[in-house]
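>>> Have a look; sequence and predicted model below, questions after that.
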Amino acid sequence: MNHYLDVLKKYADFSGRARRQEYWMFFLFQIAALIIVAILDAVLGTSPWLYALYALGTLLPNLAVTVRRLHDTGKSGWWIFINFVPLVGFIWLIVLLATAGQQQPNEYGQDPKAYAA
């Protein structure tokens, strides 16, 4: 839960680096929250308003943590647009997000794993 809240605290911080654990734990909690909000939306009969409001409210933190994750692998945040390449773009982005970060400092900052211990 701390990873989710940490990402929300860095709401629009596109600088720096994010560890794989930070990104994937945020992703896991985001999916769980979206499922819960969708169910709540259906039960209350407000579909799709709560879901859309939540998704829109967490769009910027989601983009920011994705860009920081790409920075950890030494890639520019602009690599997020590889997602728009038909058929292979989504897979390529998943591979980039799952790749281990650079252990040495890069142009985006120090290794976040070194400070996590």
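All right, it came through fine. Numbers count the residues shown, from 1 in each chain.

>>> which ones are touching the residue of the chain most remote from its centre?
The C-alpha centroid of the chain is most remote from Gly45, which lies 29.2 Å away (C-alpha atoms, centre = their mean). Gly45 is in contact with no residue at all, counting by C-beta atoms under 8 Å, 6 or more residues apart in numbering. Where C-beta positions appear, they are placed from N, C-alpha and C, glycine not excepted.

>>> For the chain, which residues score under the pLDDT cut-off?
Residue ranges of the chain with pLDDT under 70: 116-117.

>>> So the nearest residue to Ser76 once chain neighbours are set aside, which state does it fall into?
Excluding its sequence neighbours, the residue lying closest to Ser76 (C-beta to C-beta, 6 or more residues apart in numbering) is Leu70, at 7.0 Å. At Leu70, secondary structure determined by DSSP: H, G, I helix; E, B strand; the rest coil is helix.

>>> ok, Leu70 touching Ile80?
Yes: in terms of C-beta atoms under 8 Å, Leu70 counts as a neighbour of Ile80; the distance is 6.6 Å.

>>> So if I had to pick from those two, which one is more boxed in?
Higher neighbour count among Leu70 and Ile80: Leu70, with 25 against 17, using other C-beta atoms under 10 Å.

>>> In contact with that one, which residues?
Taking C-beta under 8 Å, 6+ apart, we find Leu70 in contact with Ser76, Gly77, Trp79, Ile80, Leu96, Leu97.

>>> how about these, which pair is most distant?
Checked with C-beta to C-beta, these reach their widest spread between Ser76 and Leu97, with 14.1 Å between them.
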